[in-house]
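Chemist: From the sequence below, what's the structure:
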Amino acid sequence: MKIYLVGGAVRDKLMGILSKDRDYLVVGSTPEEMVRLGYKPIGKDFPVFLHPKSKEEYALARTEKKVGKGYHGFEFYTSADVSLEEDLSRRDITINAIAEDEEGNIYDPFNGVEDIKNKVIRHVSDAFSEDPLRVLRVARFASLDCEFKVQKETLALMKKMVESGELKTLSVERVVAEVTKGLEGKNPDIMIHYLCESGALNEIFPGLNLPSDSPSLIEQQSKNFVSLGLAIKNNSSSLATESKIIMLLIAPYFFKDSSNIKTIEEQGHLIKYLKLSGKNHKILKSLVDEEQNIEDFLLLSAEEKLDCLYRFDFYRRPNIIFEVLNIISVFRTTFHHLDVKHFKDIKVFLDLFYEEVTQLKSEVNLSNSGEDIKNLIYQERLSLLKKISS
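Modeler: Presented below is the predicted three-dimensional model:
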């Protein structure tokens, strides 16, 4: 029985990246032996165990065979006679097919260390094409370093996988998880580049890329999405994680004249596909419905400002309008070259108003009707807005 550190932990260590997850591979053992040693079995499809003390995951060496469509269409074979190289050979790309033993010795049968040095993303074998999730993983791993390039043969294989339609078998949870990791990573623009280059973006978010027979329009749209990736990268700290997915969804609306773009209602299938929470659905819809009011907020009358804030449910959920403001400011400063100071001034105004409005002490006569009380509170907020606006 031998234990190896494998996958991302080894890759990240060689790249000088702090890795959160550590996965271990056990060669020459059996489920019975692992249980006898105190490991707790957790794997459903193949034997994975939790270490009795560290609770880290230890998987028995295995091989796999494609027997059906999609991410789950595999049969796994685990046995004490499965070798380290056989297990590594089933992995997606060479930089993920490296192992380190307990003495620190590196095992690299597919030259992943050299590919890290040369900044190359390369598939291990033709078995790569059996798992459609690997198209997204390659795009994400390419974004680990801005100098990484996907090998031509690997990119060609990714395109064939997209054309086969197998990406449609992926669950929305797996899609969103992979894309979110990339958007939260160091170089989301690179991930988006390869999603566009392989044709995967339109497959995983159906209808996102507006259909076109013009190669020049497709190329321009891809450039727009990559620019969006750069904008997300440059504004990452100010954007919530789910907002970055929302920005991908709404991107075509901001790339062109909004009169030529589908409304959010017409994109309902995408909203359902992403399984957005109520809050994020509200953010998405508000990006279109209130876009102009947000941009012109400081120019609105006090009454218009207040009505806009009511529509946002500002007094109970102020984070929604601030997130919408963040998203619009990123799009408008990136694609329409508006002054970022304009949006900062709006945020300062909203911060000030929220701070003061939460300190208002309404003198409510409980004998009044509910409508009278609402009007009283409205007038108090309106007076405060007029005061701050002057």
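Chemist: Before we move on, what's the pLDDT of Asn365?
Modeler: Per-residue pLDDT puts Asn365 at 62.
Chemist: Where does pLDDT dip in the stretch 1-150 of the chain?
Modeler: Along the stretch 1-150 of the chain, segments meeting pLDDT under 70 span 45, 64-76.
Chemist: buried residues in whichever helix or strand Lys160 is part of?
Modeler: When elements are assigned from DSSP states H and E, Lys160 belongs to helix 152-164. Buried positions in helix 152-164, judged by neighbour count with 16 or more other CB atoms under 10 Å: 154-155, 157-158, 161-162. C-beta: built from backbone N, CA, C; applies to glycine.
Chemist: Residues contacting that helix, please?
Modeler: The list of residues contacting helix 152-164 from outside it, by CB atoms under 8 Å, 6 or more residues apart in numbering, reads 93, 121-123, 126, 128-129, 132, 134-135, 138, 150, 167, 194, 197-200, 203.
Chemist: circling back to that earlier point, now the buried residues of helix 152-164 in CSV, with distance to Ser286?
Modeler: Below are the buried residues of helix 152-164 laid out as CSV (distance: CB to CB, whole Å):
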residue, distance to Ser286
Thr154, 40
Leu155, 38
Leu157, 41
Met158, 35
Met161, 36
Val162, 33
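Chemist: I'd like the residues you listed as JSON lines, with distance to Gln292 and pLDDT appended.
Modeler: Output for the buried residues of helix 152-164, formatted as JSON lines (distance: CB to CB, whole Å; pLDDT from 0 to 100):
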{"residue": "Thr154", "distance to Gln292": "44", "pLDDT": "97"}
{"residue": "Leu155", "distance to Gln292": "41", "pLDDT": "97"}
{"residue": "Leu157", "distance to Gln292": "45", "pLDDT": "96"}
{"residue": "Met158", "distance to Gln292": "40", "pLDDT": "96"}
{"residue": "Met161", "distance to Gln292": "41", "pLDDT": "95"}
{"residue": "Val162", "distance to Gln292": "37", "pLDDT": "93"}
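Chemist: What segments of the stretch 51-200 of the chain are helices?
Modeler: Ranges of helices in the stretch 51-200 of the chain, per DSSP state H, counting those that start in this stretch, are 84-89, 112-118, 133-142, 152-164, 172-183, 188-198, 200-204.
Chemist: Output those helices as TSV; include the columns distance to Ala302.
Modeler: Formatted as TSV, the helices of the stretch 51-200 of the chain follow (distance: least, CB to CB, whole Å):
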stretch	distance to Ala302
helix 84-89	66
helix 112-118	59
helix 133-142	47
helix 152-164	52
helix 172-183	38
helix 188-198	39
helix 200-204	43
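Chemist: and Asn375, which of those is closest to it?
Modeler: Nearest to Asn375 among the helices of the stretch 51-200 of the chain is helix 172-183 (43.6 Å), distances taken as CB to CB.
Chemist: So Glu56 sits against Arg22, correct?
Modeler: Yes - the pair Glu56 / Arg22 is scored as a contact, 5.6 Å apart, by CB atoms under 8 Å.
Chemist: Next, count neighbours for Asp81.
Modeler: Asp81 has 10 neighbouring residues, counting by other CB atoms under 10 Å.
Chemist: any idea how far it is from Phe46?
Modeler: Using CB to CB, to the nearest Å, Asp81 is found at 15 Å from Phe46.
Chemist: so where is the stretch 201-350 of the chain shaky, pLDDT-wise?
Modeler: In the predicted model, the stretch 201-350 of the chain carries pLDDT under 70 at residues 207-214, 256-274.
Chemist: Now do the strands in it.
Modeler: Ranges of strands in the stretch 201-350 of the chain, per DSSP state E, counting those that start in this stretch: none exist.
Chemist: is it true that Phe49 lies in a strand?
Modeler: Yes - Phe49 sits within a strand when classified using DSSP: H, G, I helix; E, B strand; the rest coil.
Chemist: Just confirm it contacts Met34, I think it does.
Modeler: Yes - assessed by CB under 8 Å, Phe49 is found in contact with Met34 at 4.9 Å.
Chemist: shared neighbours, the two?
Modeler: Taking CB under 8 Å, 6+ apart as the contact rule, Phe49 and Met34 both touch 26, 41, 58, 60.
Chemist: Spatially, which two of these are the most separated?
Modeler: So, those by CB to CB: farthest apart are Val26 and Pro41, at 12.3 Å.
Chemist: more crowded one of those two?
Modeler: Between Val26 and Pro41, counted using other CB under 10 Å, the more crowded position is Val26 (24 against 12).
Chemist: Can I take it that the more buried one is in a strand?
Modeler: Yes - counting by three-state DSSP, Val26 falls inside a strand.
Chemist: Just the angle for the helix or strand containing Val10 relative to helix 133-142, thanks.
Modeler: Assigned by DSSP H and E, Val10 belongs to helix 8-15. Helix 8-15 runs at 30 degrees relative to helix 133-142, counting by axes from the mean of the first three to the mean of the last three CA atoms, to 10 degrees.
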